[in-house]
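Asks: pasting the structure only:
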């Protein structure tokens, strides 16, 4: 199987967010593989181990993403590709990313593409379904289990808490939801091997695209922090009285009951 | 400049979801005095639901009823809506940021080569330019965004943009359109309902959430009962899900769902930064925790330091009593 994973580098979930001159402050921030993309890497490796073939991990982003791609290789992916847009693009949005990925996949043999269902930074969740549409592939989002049998694929997906059972066929794009698997930690031999695995770097020029082709359709005008939540009232006295006071406050002061 | 805006409505269990009415209100801002048109896909008679959209402010409604649209598939809905978009050539499209909205709108935007702003919590018309506010980093920050080229296309987060007042005296045409649906590539074999009350976390007005302090799957029972008497639903922290006390679909936080109910009651949740990202924009937060130093108290409007198994049953009784006296 030709298995591809779309991977994004994101801030660690532990990071506090600060805004500096209208941008998210990234000085000293720790980065990780987007947690939902980690499920995609894990599932891709499992599919390869079961059905044979090769796992290629693809990132559209900046030079620094190499580190997260190496981590995916250390987990067990076979190849990585970084489409480095750092020097070419000032701004981009989901349209931009998908235009680039569409060009990348244009002449490739693909059986399945796995992606995270959403990235925890910009959280649009658009790239997977958008790409599937451009590649004229069926797609299934927020999957929690997948079983490939020949060209037939049986999937369970999470739909707002309900489980939907879906049957579809390869080639296919899926986006991964929590519960799909437990991503492995890279082993020490895995990390050593990863250093020798191929990591190709491309620029948009290599995909016959220029800046105008991928010009974003949206613009961020401002980034700001929500008003800091003030710590409220910790109630006192006997538990019975506290409970009475709480219900009364919810009813009269905050009017939510 | 006045615009023609489509609102893609969505039903659950045979009635329209509230977010569809909120989407009409958002579309009303985007249209700037233009036209707001409701669109409904489904099977059977959709006329009554079409009328509901009119009562909430849609000027007219287009329904597409077809057995193939009985359950949502991206191919089925995609084909139906592509035809409506072709007929109407709208300037804007608004839909709820629901499971269907998240699955469908990127496909439509990609086909139309248009921008798409997902999960907006606010829409304003700033001198003719339409500005959307949306959370990023799971609500740790927000961005204001606009579409620079083409269709004004957005999904809105449930519970954030108030719907217009329902008015049964409003009139508008509900027309049925026939669309041939072919080649659905994803077949829905079965749907197993786990959400018993049909209220999704993202749309719930009240959420009672449990963390590691709940200690077991059975420990969630009093929380479920409290949620029931409050007309809400149950959620959980990652700690509780990882410990196997409940299903991952209930998880609230940076991974998991981001929620903004009117009332959020956190029981036995310490308040890790990843959890706070998912719930700290709730309107009113109550924390119940044994540990007075727990981080959750820093975002809570009201806190009770105590054992949840002691506090929650008393809270259930008190709420019941309040309802009897009301």
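Replies: Looks like it came in fine. Since the structure is predicted, the reported quantities are computational estimates derived from the model, not experimental observations.
Asks: for residue 149, phi and psi?
Replies: No chain specified, so I'll use chain A. Backbone torsions for residue A:149, taken as degrees, to the nearest 10, come to phi -130, psi 100.
Asks: and for it, the neighbour number?
Replies: Neighbour count of residue A:149, defined by other Cβ atoms under 10 Å in any protein chain shown: 8. Bear in mind the C-beta positions are built from the backbone N, C-alpha and C, glycine included.
Asks: do you know how far it is from residue A:165?
Replies: Distance of residue A:149 to residue A:165, computed by Cβ to Cβ, to the nearest Å: 14 Å.
Asks: do the same with residue A:147
Replies: 11 Å.
Asks: which neighbours do these two have in common?
Replies: Counting by Cβ atoms under 8 Å, 6 or more residues apart in numbering or on different chains, the shared contacts of residue A:147 and residue A:165 are A:154, A:155.
Asks: looking at those two, which is more packed in?
Replies: More crowded of residue A:147 and residue A:165, by other Cβ under 10 Å: residue A:165, with 15 against 11.
Asks: am I right that the more buried one is in a helix?
Replies: No - with DSSP: H, G, I helix; E, B strand; the rest coil as the criterion, residue A:165 is located in strand rather than a helix.
Asks: for it, name its beta-bridge partners.
Replies: residue A:156, residue B:190 (DSSP bridges).
Asks: what's near enough to touch it?
Replies: Contacts of residue A:165 by Cβ under 8 Å, 6+ apart are A:154, A:155, A:156, B:188, B:189, B:190, B:191, B:192.
Asks: quick one: mean pLDDT for the lengthiest helix in chain A?
Replies: Longest helix of chain A, by residue count under DSSP state H: helix A:35-51. Averaging pLDDT along helix A:35-51 yields 98.
Asks: which residues of the chain fall in helices?
Replies: As the question left the chain open, I've gone with chain A. Going by DSSP H, chain A shows helices at A:35-51, A:66-75, A:94-105, A:127-134, A:188-194, A:239-248.
Asks: let's do chain B instead
Replies: B:18-31, B:47-55, B:74-88, B:99-111, B:221-229, B:238-242, B:273-279, B:308-325.
Asks: could I get the ones you listed as TSV with mean pLDDT?
Replies: Output for the helices of chain B, formatted as TSV (pLDDT from 0 to 100):
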stretch	mean pLDDT
helix B:18-31	97
helix B:47-55	97
helix B:74-88	98
helix B:99-111	98
helix B:221-229	96
helix B:238-242	94
helix B:273-279	92
helix B:308-325	94
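Asks: which of those sits closest to residue A:177?
Replies: Nearest to residue A:177 among the helices of chain B is helix B:99-111; the distance by Cβ to Cβ comes to 10.7 Å.
Asks: ok, residues contacting the closest one?
Replies: Residues contacting helix B:99-111 (Cβ under 8 Å, 6+ apart): A:94-95, A:98, A:124-134, A:139, A:141-142, A:159-160, B:8, B:10, B:72, B:74, B:77-78, B:81-82, B:85, B:93, B:95, B:115-116, B:118, B:151, B:153, B:155, B:200.
Asks: residue A:74 and chain B: what is the separation?
Replies: Distance, residue A:74 to chain B, using Cβ to the nearest Cβ, to the nearest Å: 22 Å.
Asks: correct me, but that residue touches residue A:193?
Replies: Yes - assessed by Cβ atoms under 8 Å, residue A:74 is found in contact with residue A:193 at 7.3 Å.
Asks: residues touching the closest residue to residue B:250 other than its chain neighbours, list them.
Replies: Take residue B:250 and drop its neighbours on the chain: the residue closest to it by Cβ to Cβ, 6 or more residues apart in numbering or on different chains is residue B:236, 4.4 Å away. Shown in contact with residue B:236 (Cβ under 8 Å, 6+ apart): B:209, B:210, B:211, B:214, B:220, B:245, B:246, B:250, B:251, B:252.
Asks: buried among these? Make that a ChimeraX selection.
Replies: Selecting only the buried entries of the contacts of residue B:236 in ChimeraX, with 16 or more other Cβ atoms under 10 Å in any protein chain shown as the criterion:
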select /B:209,210,211,214,220,245,246,250,251,252
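Asks: give me the residue from chain B nearest chain A.
Replies: residue B:115 (2.9 Å; Cβ to the nearest Cβ).
Asks: that residue: neighbour count?
Replies: Residue B:115 has 24 nearby residues by other Cβ under 10 Å.
Asks: and the nearest residue to it once chain neighbours are set aside, how many neighbours?
Replies: Excluding its sequence neighbours, the residue lying closest to residue B:115 (Cβ to Cβ, 6+ apart) is residue A:217, at 2.9 Å. A count of neighbours around residue A:217, defined by other Cβ under 10 Å, yields 21.
Asks: hang on, isn't residue A:217 packed against residue B:114?
Replies: Yes - with contacts counted by Cβ under 8 Å, residue A:217 reaches residue B:114, the gap being 6.0 Å.
Asks: shared neighbours, these two?
Replies: With Cβ under 8 Å, 6+ apart as the test, residue A:217 and residue B:114 both reach A:95, B:147, B:149, B:150.
Asks: count the neighbours of residue A:167 for me.
Replies: Residue A:167, neighbours per other Cβ under 10 Å, totals 15.
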